[in-house]
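Chemist: Here's a sequence, model it:
(one chain, ligands or ions: 2)
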Amino acid sequence: MSKNNMPWYMNAVFYEVHIRAYCDSNNDGIGDILGLISKLDYIKNLGVDCIWILPIYPSPLKDDGYDIADYYNVHPDYGTLEDFKRLIQEAHNRGLRVIADLVLNHTSDQHHWFQTSRSEPNSKFRDYYVWSDTDDKYADARIIFLDTEVSNWTYDEKAGLFFWHRFYSSQPDLNYDNPAVVEEMQRVMKFWLEMGIDGFRADAVPYLIEREGTNCENLPETHQILKGFRTYLDENYEDKILLAEANQWPMDVLAYFGDGDEFHMGFHFPVMPRIYMALRKGDASPIHWIMSQTPDIPDNTQWCTFLRNHDELTLEMVTEEERQWMWAEYAPDPRMRLNLGIRRRLAPLLDNDPRKIMLANALLYSLPGAPIVYYGDEIGMGDNIWLYDRNGVRTPMQWNDRLNAGFSEAKPETLYAPVIDNEEFSYKVINVEAQEHDPHSLLNKMRHLIDVRKLHPIFALGAYEFLAKEHTKCLCILRTHSDEQVLCLFNLTNSVQQLSLDLAAFADRDIVSLIDGNSLGKIKLAETELELEPYEFQWLSLKC
Ligand SMILES: OC[C@H]1O[C@H](O[C@H]2O[C@H](CO)[C@@H](O)[C@H](O)[C@H]2O)[C@H](O)[C@@H](O)[C@@H]1O
Ligand SMILES: [Ca+2]
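Modeler: Ligands and ions are numbered 1, 2, ... in the order given. Purely as a prediction, here's the structure:
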């Protein structure tokens with residue numbers, strides 16, 4: 001519990017870090033755990049509460065670590081288990097928490113469970129995976145990695161059978177109808193929890209169970225298994241969280257919260273593309289609509305919101321028409337498209353315009369939920385669409401304008417990925433060191449925004465209501481928590497907008513900006529007139 005009796009994750013800000021990309025301590029060209037430890041003070045100064053680290057386990061890295069070959073160790077690129085323990089201690093010493101990915105749905109085909117499963121039909125591992133004589137079962141399940149996979153079944157010569165996989169064919173799905181698999185995963189959870197981590201971001205949870213005649217997503221049996229993991233957590237640990245990665249509509253994510261007995265948190269996927277839509281169209285309607293589709297969730301559970309992450313900007317939760325529009329607007333070069341999404345970072349998507357970047361962040365922070373900042377987006381890093389798969393949004397963190405952006409002292413050609421060095425987004429221009437010294441930098445603005453948001457738990461806990469919905473060029477959100485109100489205003493257009501709001505219910509109160517502390521005067525019984533500059537946002541406290 002936090003100081004005010006609220007579970008810590010309710011008002012947390014998360015920071016997503018890819019250790020490979022963050023800082024290289026031994027100059028082999030690959031970021032590592034000790035490198036991350038050396039940057040914990042930077043992360044602490046950002047004002048976030050919890051670091052989410054991408055998979056660090058031994059892996060052939062066909063899916064950047066989401067293909068796990070051993071759940072009980074650290075990939076040698078990243079360091080050792082001892083390093084990992086130290087990371088947790090050092091983070092905790094600074095008041096930072098750490099959650100890690102729990103990849104439940106599948107393993108790597110290099111995992112010894114799969115190797116034994118395919119070659120020893122009588123071993124207990126045969127039934128750890130989903131095998132079939134034919135490739136025509138579960139035909140209603142969609143293919144997720146559309147650009148590379150042609151089927152969810154792949155024939156395995158050794159086994160003489162087809163195996164089931166929702167992602168790459170190098171990632172066979174585990175068979176959750178087998179209780180032994182559930183026990184294995186509980187052991188995995190225990191191992192990392194005992195190491196001191198504060199919870200898990202549970203990867204790809206909708207796909208655990210397959211049933212004929214369904215799309216094999218969100219099945220009741222899947223929820224039963226997930227509830228079992230939660231029970232295990234609750235019975236053995238305190239203050240640890242489970243965060244669901246279910247790329248689904250909010251009504252379907254609701255089930256992942258259960259009655260407050262499944263996940264503590266769940267990503268809100270579909271609000272994300274609609275923030276980009278609203279900004280490009282200069283129209284708040286997409287946000288109004290998706291929030292009207294967002295149900296209340298149980299007490300002590302929380303949405304987790306984001307603008308970008310390590311994957312493509314997913315367009316799974318939009319209509320076909322909206323997807324085509326998003327691609328046309330935000331991915332004009334076909335190379336920017338991947339599967340059903342867009343492989344670009346926040347700053348390039350938003351024209352490297354600090355007004356739009358800050359507005360998008362402030363808008364995200366004004367909606368219910370606990371936000372995640374994706375590493376590098378706090379300084380407006382660019383991307384490299386020419387790299388394989390999603391690697392273009394996972395390039396080295398830009399610390400300074402010196403060799404390899406300060407990420408590593410290895411020879412540049414030996415880095416796991418080249419640093420961004422194109423004109424507008426070059427590390428020589430966009431880097432932490434330069435922005436540290438500039439009070440008006442994106443980094444310092446982001447720090448301030450995070451500070452203000454955290455100082456006012458109303459953003460995390462308050463009810464929300466949209467005002468002036470007919471004025472679609474602006475988004476107006478009134479947050480309320482007990483007798484406190486904050487008005488969040490966003491001009492989604494490139495022209496000055498006048499807003500006229502009926503705030504008579506708060507007559508005589510002072511309007512004070514939470515961003516700069518300036519007073520805008522007292523609220524009157526008549527309509528309150530406000531003016532917003534192009535892409536300006538305001539967080540206004542209505543003080544009693
Ligand atoms: O472990 C396999 C994948 O799992 C996550 O995938 C999610 O991202 C996909 C887009 O790349 C998305 O379409 C899908 O609905 C999600 O489950 C993880 O974030 C990926 O990095 C990983 O490849
Ligand atoms: Ca290294």
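Chemist: Could you double-check that Gln485 lies in contact with Arg479?
Modeler: Yes: counting by Cβ atoms under 8 Å, Arg479 is a contact partner of Gln485 at 6.9 Å. Quick note: C-beta positions are derived from backbone N, CA and C, even for glycine.
Chemist: So for whichever residue of the stretch 251-400 of the chain sits closest to ligand 2, what's the pLDDT?
Modeler: As assessed by Cβ to the ion, ligand 2 sits closest to Pro396 within the stretch 251-400 of the chain, at 11.3 Å. As summarised for this prediction, Pro396 has a pLDDT of 98.
Chemist: show me what contacts it?
Modeler: By Cβ atoms under 8 Å, 6 or more residues apart in numbering, the contact list for Pro396 reads 21, 24, 31, 404-405, 407-408, 415-417, 419.
Chemist: mind running it again at 6 Å?
Modeler: 21, 405, 407, 419 (Cβ atoms under 6 Å, 6 or more residues apart in numbering).
Chemist: which SS state does it fall under?
Modeler: Per DSSP: H, G, I helix; E, B strand; the rest coil, the local secondary structure of Pro396 is coil.
Chemist: What residues does the residue nearest to it when sequence neighbours are not counted make contact with?
Modeler: Leaving aside its chain neighbours, Pro396 sits nearest to Phe407 (3.8 Å; criterion: Cβ to Cβ, 6 or more residues apart in numbering). Counting by Cβ under 6 Å, 6+ apart, Phe407 touches 24, 396-397.
Chemist: Would you format these as JSON lines with distance to Trp153 included?
Modeler: What follows is these, written out as JSON lines (distance: Cβ to Cβ, whole Å):
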{"residue": "Asp24", "distance to Trp153": "39"}
{"residue": "Pro396", "distance to Trp153": "37"}
{"residue": "Met397", "distance to Trp153": "39"}
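Chemist: Nearest to Met381, out of the residues you listed: which one, please.
Modeler: For the contacts of Phe407, the residue nearest Met381 by Cβ to Cβ is Met397; the value is 7.7 Å.
Chemist: Next, count neighbours for the closest one.
Modeler: 26 (other Cβ atoms under 10 Å).
Chemist: go on, Gly79?
Modeler: Gly79 has 22 neighbouring residues, counting by other Cβ under 10 Å.
Chemist: and the nearest residue to Ala204 once chain neighbours are set aside, what pLDDT?
Modeler: Distances taken as Cβ to Cβ, 6+ apart put Asn105 closest to Ala204, at 4.5 Å, once the chain neighbours are dropped. For Asn105, the model assigns a pLDDT of 98.
Chemist: Distance check, Asn105 against Ser170.
Modeler: For Asn105, the distance to Ser170 equals 14 Å [Cβ to Cβ, to the nearest Å].
Chemist: the more surrounded of those two?
Modeler: Neighbour count, other Cβ under 10 Å: between Asn105 and Ser170, Asn105 has more, with 23 against 17.
Chemist: contacting residues for the more buried one?
Modeler: Taking Cβ under 6 Å, 6+ apart as the contact definition, Asn105 lies against 173, 204, 207.
Chemist: quick revisit: so which of the contacts of Pro396 are in helices?
Modeler: Ala21 (DSSP state H).
Chemist: now the contacts of Pro396 as CSV including pLDDT and distance to Gly199?
Modeler: Listed next are the contacts of Pro396 as CSV, based on pLDDT from 0 to 100; distance: Cβ to Cβ, whole Å:
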residue, pLDDT, distance to Gly199
Ala21, 98, 22
Ala405, 98, 31
Phe407, 98, 28
Val419, 98, 32
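Chemist: Now flag whichever of the contacts of Pro396 is closest to Tyr374.
Modeler: Using Cβ to Cβ, the contacts of Pro396 come closest to Tyr374 at Ala21, 10.7 Å.
Chemist: Touching, that closest one and Gly31? I think so.
Modeler: Yes: here Ala21 reaches Gly31: they are 5.4 Å apart, a contact under Cβ atoms under 6 Å.
Chemist: Keep the contacts of Asn105, but drop any that are not near ligand 2.
Modeler: By Cβ under 5 Å from the ion, no member of the contacts of Asn105 lies near ligand 2.
Chemist: neighbour-wise, which of those leads?
Modeler: With neighbours taken as other Cβ under 10 Å, the top of those is Tyr207, carrying 26 neighbours.
Chemist: Just give the nearest non-adjacent residue to that residue, would you?
Modeler: Among residues not flanking Tyr207 along the chain, Arg166 sits closest, at 4.6 Å (Cβ to Cβ, 6+ apart).
Chemist: if I look at the one you found, how far off is Gln497?
Modeler: From Arg166 to Gln497 the distance is 45 Å (Cβ to Cβ).
Chemist: Give me the three-state assignment for the residue in the stretch 301-450 of the chain that ligand 1 sits nearest to.
Modeler: Closest to ligand 1 within the stretch 301-450 of the chain is Asp311: 3.5 Å, counting by Cβ to the nearest ligand atom. Three-state call for Asp311 (three-state DSSP): coil.
Chemist: Neighbours of it, how many?
Modeler: Asp311 has 18 neighbours, counted by other Cβ under 10 Å.
Chemist: which ones are touching it?
Modeler: Contacts for Asp311 (Cβ under 6 Å, 6+ apart) come out as Arg390.
Chemist: and it, how far is that from Leu340?
Modeler: 11 Å.
Chemist: Ok, Arg118 next?
Modeler: If you measure Arg118 against Leu340 using Cβ to Cβ, the figure is 30 Å.
Chemist: quick one on the thing from earlier: more neighbours: which of Arg166 and Gln497?
Modeler: For Arg166 against Gln497, the residue with the higher neighbour count under other Cβ under 10 Å is Arg166, and the figures read 24 against 19.
Chemist: Let's verify that one: helix, strand, or coil?
Modeler: coil.
Chemist: Hmm, Ile30 and Asp77 touching each other?
Modeler: Yes: between Asp77 and Ile30 there is a contact under Cβ under 6 Å: 4.8 Å.
Chemist: Tell me which of the two has more neighbours.
Modeler: Applying other Cβ under 10 Å to Asp77 and Ile30 shows that Ile30 carries more neighbours, namely 24 against 20.
Chemist: and Cys544, what pLDDT?
Modeler: Cys544 carries a pLDDT score of 79 in this model.
Chemist: Now it: closest residue in space, sequence neighbours ignored.
Modeler: Nearest residue to Cys544 in three dimensions, chain neighbours excluded: Arg509, at 5.9 Å (Cβ to Cβ, 6+ apart).
Chemist: Double-check that Arg479 belongs to a strand.
Modeler: Yes: membership of Arg479 in a strand is supported by three-state DSSP.
Chemist: so what's it bridging to?
Modeler: Beta bridges link Arg479 to Tyr464, Val486, judged by DSSP bridges.
Chemist: For it, give me its contacts.
Modeler: 458, 462, 464, 486.
Chemist: okay, now the third one: neighbour count?
Modeler: Tyr464 is surrounded by 16 other residues when neighbours are defined as other Cβ under 10 Å.
Chemist: was I right about Asn247 contacting Glu316?
Modeler: Yes: with contacts counted by Cβ under 6 Å, Asn247 reaches Glu316, the gap being 5.4 Å.
Chemist: now what about stretch 224-244, what contacts it?
Modeler: So stretch 224-244 is contacted by 9, 176, 182, 186, 193, 198-202, 205, 208, 256, 258, 261-266, 304 (Cβ under 6 Å, 6+ apart).
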